[in-house]
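Q: With the sequence up front, the predicted model follows.
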Amino acid sequence: MRRTAVIYDACVLYPAPLRDFLLQLACEGLFRARWTHAIQDEWMQSLLRDRPDLDPRALARTRRLMDLAIPNAVIRGHETLVAGLTLPDPDDRHVLAAAIRGHAQIIVTFNVRDFPATMLKRHGVKAVHPDKFVGEWINRDPAAVCRAALQCRRRLKHPPMTPDDYISCLARHGLEATASFLRMNTDLVV
């Protein structure tokens, strides 16, 4: 399971704390994180729509850094598969196409209902909520999850966060069970 390939849907790449934590988990070597240019475009457009005060050049820099941090993360050539796929929301087909082309077993998304198991199963893919996804890694390698949280928290400078503040931030962004685990192991996130 260590080399499982996962697709990050755009909804888990924005907000930034969640994106940073999920990327750090991939940097721990637990799995191979993947995405496409379209997924990158989608989270950046959503963020700029919500925060027009942000500099698009800064987001482009974040995008480049993501691509550098996770070698071979960008999937190409999936576009030809999109038309042959069926999902409740046709706009999500590119994510499934990327999973198929990228040989990913998991799509990490908050929108699990948009990726019905019956439609994904034939492609050997399942959609998993990010909190459940991290929970699977907590069960397999809890120390790696704690290291990832520690690395993310240590990078925060403007403003810095205490371990409790950082854990609460993850909970606010949908990682409630993960936050509960980290609260029980706060000494490892110091």
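A: Structure received.
Q: Go through stretch 49-63 and flag the buried ones.
A: 59, 62-63 (16 or more other CB atoms under 10 Å). C-beta coordinates here come from the backbone N, C-alpha and C atoms, glycine included.
Q: Looking at those residues, which is nearest residue 87?
A: Within the buried residues of stretch 49-63, proximity to residue 87 (CB to CB) peaks at residue 63, which comes in at 25.1 Å.
Q: Report the mean confidence score over the helix or strand containing that closest one.
A: Assigned by DSSP states H and E, residue 63 belongs to helix 56-69. Helix 56-69 comes out with an average pLDDT of 94.
Q: Residue numbering should commence at 652 henceforth.
A: Shifting the count to begin at 652 puts that one at helix 707-720.
Q: returning to that earlier point: from the buried residues of stretch 700-714, which single one is nearest residue 830?
A: Set against residue 830, the nearest of the buried residues of stretch 700-714 by CB to CB is residue 713 (23.8 Å).
Q: can I assume residue 814 is in contact with residue 803?
A: No: applying CB atoms under 8 Å as the test, residue 814 and residue 803 come out as separate, 11.1 Å apart.
Q: ok now the helix holding residue 714, how far from the chain's centre?
A: Centre-to-centre, helix 707-720 and its host chain are 15 Å apart (CA atoms, centre = their mean, to the nearest Å).
Q: Could you name the helices and strands sitting against that helix?
A: Counting by 3 or more CB pairs under 8 Å, 6 or more residues apart in numbering; DSSP states H and E, the packing neighbours recorded for helix 707-720 are helix 667-678, helix 688-701.
Q: Count residues in the vicinity of residue 689, would you?
A: As a burial measure, residue 689 scores 16 neighbours (other CB atoms under 10 Å).
Q: Name the nearest residue to it, ignoring sequence neighbours.
A: Nearest residue to residue 689, sequence neighbours excluded (CB to CB, 6 or more residues apart in numbering): residue 745, at 5.3 Å.
Q: ok, the one you found to residue 809 distance?
A: Between residue 745 and residue 809 the computed distance is 34 Å (CB to CB, to the nearest Å).
Q: out of the two, which sits in the busier spot?
A: Applying other CB under 10 Å to residue 745 and residue 809 shows that residue 745 carries more neighbours, namely 20 against 4.
Q: thinking again about what came up before, out of the helices and strands packed on helix 707-720, deepest packed?
A: Among the helices and strands packed on helix 707-720, ranked by average contacts under mean count of other CB atoms under 10 Å, first place goes to helix 667-678 (a mean of 20).
Q: Brilliant, that's me finished.
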